[in-house]
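Trainee: The sequence isn't on hand, but the structure is:
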């Protein structure tokens, strides 16, 4: 993400600390970043793009944590990667929760469907970073299970300021995943 996008995202997140994400206005973000609305639009076509930019930041953290030189079991690697993904959201947990809830409001199909696609894309990167090598039916089943587990972990993490509950949920889900199907170490 380029410097101007980073600056605008940081300005939006800072503004959201003092108010609900729904109350953050793009004009205020532009002003806080020292830009005009026209300049802001060149980087963010709409307010939803800020949510995607925050998720891009999380995806980048996940990929940066993909260190294949450190030997570890698949479940441990997935846990490490999921919590690396959550790390950039940690300072903005309340805002990230509000962003997601806005996207899930009834009647917002135009942002709900892209959100599902976005989650799928993140899980595909998670699978790549974890070096999961199943193909065809096994890949599809594993991706479905990981998507459900990732979404549940993120939802619990956003709801609870204690990472332990989300980590426990993820570990239990990964243990079940391991028992149901033989996966590579």
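Mentor: Yep, it's here. Computed from a predicted model, the values in this text were never measured in an experiment. Numbers count the residues shown, from 1 in each chain.

Trainee: for residue 178, what are its contacts?
Mentor: 74, 75 (C-beta atoms under 8 Å, 6 or more residues apart in numbering). For every residue, glycine as well, the C-beta is placed using N, CA and C.

Trainee: my bad, should have said residue 146
Mentor: Residues in contact with residue 146 (C-beta under 8 Å, 6+ apart) are 78, 123, 126, 127, 177.

Trainee: For the first one, give its distance to residue 102.
Mentor: To residue 102, residue 78 is 28 Å away according to C-beta to C-beta, to the nearest Å.

Trainee: the more surrounded of these two?
Mentor: Legend: neighbour count by other C-beta atoms under 10 Å for residue 78 and residue 102, higher for residue 78 (24 against 16).

Trainee: Which segments of this structure make up each domain?
Mentor: For the chain, automatic domain parsing gives the domain ranges 1-45, 46-180.

Trainee: What is the end-to-end distance of the last one?
Mentor: In terms of C-alpha to C-alpha, to the nearest Å, the two terminal residues of domain 46-180 are separated by 43 Å.

Trainee: The residue nearest the centre of the chain: which element?
Mentor: Centre of the chain computed as the mean C-alpha position; nearest residue by C-alpha atoms, centre = their mean is residue 55, 4.6 Å away. Under DSSP states H and E, the secondary-structure element containing residue 55 is helix 48-64.

Trainee: elements contacting that helix?
Mentor: helix 3-16, helix 74-90, helix 93-103, helix 109-129 (3 or more C-beta pairs under 8 Å, 6 or more residues apart in numbering; DSSP states H and E).

Trainee: Need the pLDDT of residue 182.
Mentor: In the predicted model, residue 182 carries a pLDDT score of 61.

Trainee: oh, and call the first residue 27 from now on, that's how I've got it
Mentor: Yes, from this point I'll number from 27; that puts the last item at residue 208.

Trainee: what number of residues lie near the residue lying closest to residue 150 once chain neighbours are set aside?
Mentor: For residue 150, ignoring the flanking residues on the chain, the nearest one in space by C-beta to C-beta, 6 or more residues apart in numbering is residue 169 at 7.2 Å. Neighbour count of residue 169, defined by other C-beta under 10 Å: 17.

Trainee: Next, the contact list for residue 169, please.
Mentor: 146, 149, 150, 153.

Trainee: out of everything not next to it in sequence, what's closest to residue 137?
Mentor: Spatially, and ignoring its direct neighbours in sequence, residue 137 is nearest to residue 129 (5.0 Å; C-beta to C-beta, 6+ apart).
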